[in-house]
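S.K.: From the sequence below, what's the structure:
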Amino acid sequence: QMSVPELIDVKNEPQSILDMYGPQATQVGKYAYNCLLARRLAEKGVRFIQLMHAGWDQHNNLPTQLSVQTKDTDQPAAGLVRDLKQRGLLEDTLVIWGGEFGRTPMNEVRRGNTPGKEGRDHHPFAFSMWLAGGGIKPGQVIGETDELGYHVTRDPIHVHDLQATILHCLGIDHEKLTFRHQGRDFRLTDVGGNVVKKLLA
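M.R.: The predicted structure follows:
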């Protein structure tokens, strides 16, 4: 904890690194700053780092809001992965990008929405996440949806499969975390889940 004041002061980073994360890299509280801080924490040996970017629940005004969100996150997230890789940290660092569900492929029209400012509803049936580093094979896409993006049509990955794979990358056998409580088996993968071997390097 004694290193925290120095750790959170990113102004001594070379300009080339700040440029990699984007124009908000030195603004405390911005997503770009947090991505740069995540790399600095990883360098210090912090074992778990969570970044959160709110505001994706766009039931209305999606055309404007999606542009704002991606402008905030795309360059810093790519910068984080690139920076970890160039420092030799990516092979031991698993980066996971995702949310708890996707959005419907069609407009959601709610009462009070202005035409042209519609949004999209929650959609748990088909959505994407990306993983990098930490034992994940790069440069591949697994899974496919129908032409609307509504249902998975090939290579579905259940959330328990994702959890089992993440645990595997962390060196944990998810099946060994099973415990019995009140006559029922429990584990983080809900007594299900398989490691997705195709994802692994």
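S.K.: could you give me the average pLDDT of the longest helix anywhere in the chain?
M.R.: For the chain, the helix that runs over the most residues, judged by DSSP state H, is helix 62-86. Within the predicted structure, the mean pLDDT of helix 62-86 is 95.
S.K.: start the count at 142, not 1, going forward
M.R.: Okay, using 142 as the starting number, the last item reads as helix 203-227.
S.K.: List the buried residues for it?
M.R.: 203, 206, 210, 213-214, 216-218, 220-225 (16 or more other Cβ atoms under 10 Å). In short, each C-beta sits where N, CA and C put it, glycine included.
S.K.: same question, stretch 151-171
M.R.: The neighbour-count check on stretch 151-171 (16+ other Cβ under 10 Å) flags 151, 154, 158, 159, 161, 162, 163, 165, 166, 171 as buried.
S.K.: Then stretch 179-186?
M.R.: 179, 180, 181, 182, 183.
S.K.: Which of the residues you listed fall in helices?
M.R.: Those of those lying in helices (DSSP H): 179, 180, 181, 182, 183.
S.K.: from what I can see residue 244 touches residue 266, true?
M.R.: No: shown here, residue 244 and residue 266 do not form a contact pair, counting by Cβ atoms under 8 Å, at 11.0 Å.
S.K.: who's more crowded, those two?
M.R.: Between residue 244 and residue 266, residue 244 has the larger neighbour count (other Cβ atoms under 10 Å), namely 20 against 13.
S.K.: Who's the closest spatial neighbour of that one, skipping the chain neighbours?
M.R.: Spatial nearest neighbour of residue 244, chain neighbours left out: residue 261 (3.9 Å); criterion: Cβ to Cβ, 6 or more residues apart in numbering.
S.K.: mind checking how far the one you found is from residue 145?
M.R.: To residue 145, residue 261 is 40 Å away according to Cβ to Cβ, to the nearest Å.
S.K.: okay, these two: which has more neighbours?
M.R.: Neighbours were counted for residue 261 and for residue 145 using other Cβ under 10 Å; residue 261 has more, 18 against 10.
S.K.: hang on, isn't that one packed against residue 198?
M.R.: No: here residue 261 lies out of contact with residue 198, judged by Cβ under 8 Å, at a distance of 9.9 Å.
S.K.: Which strands or helices does the worst-scoring helix or strand of the chain on mean pLDDT pack on?
M.R.: One helix or strand of the chain scores below all others by mean pLDDT, DSSP states H and E: helix 145-148, with a mean of 82. Helices and strands touching helix 145-148, by 3 or more Cβ pairs under 8 Å, 6 or more residues apart in numbering; DSSP states H and E, are helix 172-184.
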